[in-house]
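S.K.: below is the structure, and that's it, no one-letter string:
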């Protein structure tokens, strides 16, 4: 060996020190060698995982991975593409190497799926879907019970064109949507336009195109046979909102902002009848209607101008006692419920319900707090009569009384 040759040629090579060092090394405990090998292996594994993470994050076709042995319930989402409900898209051997933290990195790498699913453990997502499904069953059951209890025998049981005049049709995905103004209807129309292939995304559709472009078909445009067929075979959808909050939202939108239709058509007769000593300017323009005057008009059996869909009760707009809706959503949880519905009907994977507010975007969205501020301008009798006006909406769709002093 080298150290032996060195010792024989020249003692200055440190032969003695080398022998002594070799003896010390051989006497090191086994635990030292174990720790050394364990550290080396851990370093190699870390480098391997970092490389794997970078590879998947750079891949545009990265897939969502559910924990091994778990999958989404096909019955809860019957129209979802199969790729979205696969239990795994990687070999079992590779899955076994992926840690919990690494799975989070994989989930973050799929930007397209992030737009349609809430990133959560498979069990949590499954529980969320089950919860929403139970909520739907409960809402539909209550709607049927209230209709059975309160529907008069004199009400016609045949569905007429008038009953379906607010329902929009999307034939590709077999969807019927009843429009309830001030409950997300503008964004729902955008979704319908994308489903029909009239736009690539909801963000590119302007407000004027939504409401004045005549891009969507109404159910009353079909003959009696076409109406009956779609009511029987299509998914019938209704989204609504807390009645008082919807009323305040409509008032703020139509009377507190410039409006070339509602000010002259509704504002002028309201001011003329309910405001004493009204100025000539107010009578001429119809601007400046107060919330109290608006409620007086709403409750008047001899209104100076007719009803409008923006504050008409949902039971009148959508006829839920004649049309058995398959999905009843609420504005308060509209994004979560609308996205669940879109997945159920097999909508494109990149289509999600938009959350933007396109009219008066700088104004705060009408909330429960803002609603109470407006209703504080009314006396108890006016609040009670307004509650009576929307009583069936409160009862049928399980909204609580907005004020404790109402009966």
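M.R.: Perfect, thanks for sending it. Keep in mind it's a predicted model, so treat the numbers as computed, not measured. Numbering: from 1, shown residues only.
S.K.: so where's this protein uncertain?
M.R.: 1-125, 152-156 (pLDDT under 70).
S.K.: show me the contact partners of the strand ranked longest in it.
M.R.: Counting by DSSP state E, the longest strand found in the chain is strand 235-240. With contacts defined as C-beta atoms under 8 Å, 6 or more residues apart in numbering, strand 235-240 is touched by 167, 173-178, 180, 183-185, 188, 246, 314, 318, 320, 323-331, 334, 337-338, 341, 344-345, 393, 397. All C-beta atoms are positioned from the backbone trio N, CA, C, and that covers glycine.
S.K.: what strands line up against it, and which way round?
M.R.: strand 175-178 (parallel), strand 327-330 (parallel) (DSSP bridges).
S.K.: the ones you listed: which one's closest to residue 381?
M.R.: strand 327-330 (28.9 Å; C-beta to C-beta).
S.K.: need the next SSE after the closest one, C-terminal direction.
M.R.: helix 334-344 (DSSP states H and E).
S.K.: which helix or which strand is home to residue 252?
M.R.: Residue 252 belongs to helix 243-255, assigned by DSSP H and E.
S.K.: helix 334-344 and the longest strand of the chain, what's the angle between them?
M.R.: Angle of strand 235-240 versus helix 334-344, following axes from the mean of the first three to the mean of the last three C-alpha atoms, to 10 degrees, is 180 degrees.
S.K.: which residues of the stretch 151-300 of the chain fall in helices?
M.R.: 185-195, 207-212, 224-233, 243-255, 262, 268-274, 280-285, 291-299 (DSSP state H, counting those that start in this stretch).
S.K.: list the contacts of the second one.
M.R.: The set of residues external to helix 207-212 that reach it, using C-beta under 8 Å, 6+ apart, is 186, 189-190, 193, 215, 358-359.
S.K.: how about a cut-off of 7 Å?
M.R.: Here helix 207-212 makes contact (C-beta atoms under 7 Å, 6 or more residues apart in numbering) with 186, 189-190, 215, 358-359.
S.K.: same check on the fifth one?
M.R.: Among residues not part of helix 262, those counted as contacts by C-beta under 7 Å, 6+ apart are 254-255.
S.K.: hmm, back to that, just checking, what packs against the helix holding residue 252?
M.R.: helix 291-299, helix 368-375 (3 or more C-beta pairs under 7 Å, 6 or more residues apart in numbering; DSSP states H and E).
S.K.: please redo it, this time with the cut-off set to 6 Å
M.R.: Applying 3 or more C-beta pairs under 6 Å, 6 or more residues apart in numbering; DSSP states H and E, one finds that helix 243-255 makes contact with helix 368-375.
S.K.: in stretch 339-355, which residues are buried?
M.R.: 339-347, 349, 351-354 (16 or more other C-beta atoms under 10 Å).
S.K.: burial of residue 257, as a residue count?
M.R.: 12 (other C-beta atoms under 10 Å).
S.K.: so which strand or helix has the residue nearest to it when sequence neighbours are not counted?
M.R.: Among residues not flanking residue 257 along the chain, residue 360 sits closest, at 5.5 Å (C-beta to C-beta, 6 or more residues apart in numbering). Assigned by DSSP H and E, residue 360 belongs to no helix or strand.
S.K.: hang on, the earlier thing: which of the strands paired with strand 235-240 sits closest to residue 267?
M.R.: Nearest to residue 267 among those is strand 175-178 (28.0 Å), distances taken as C-beta to C-beta.
S.K.: what does that closest one rub up against?
M.R.: Outside strand 175-178, the residues that touch it by C-beta atoms under 6 Å, 6 or more residues apart in numbering are 166-168, 188, 234-238, 318, 345.
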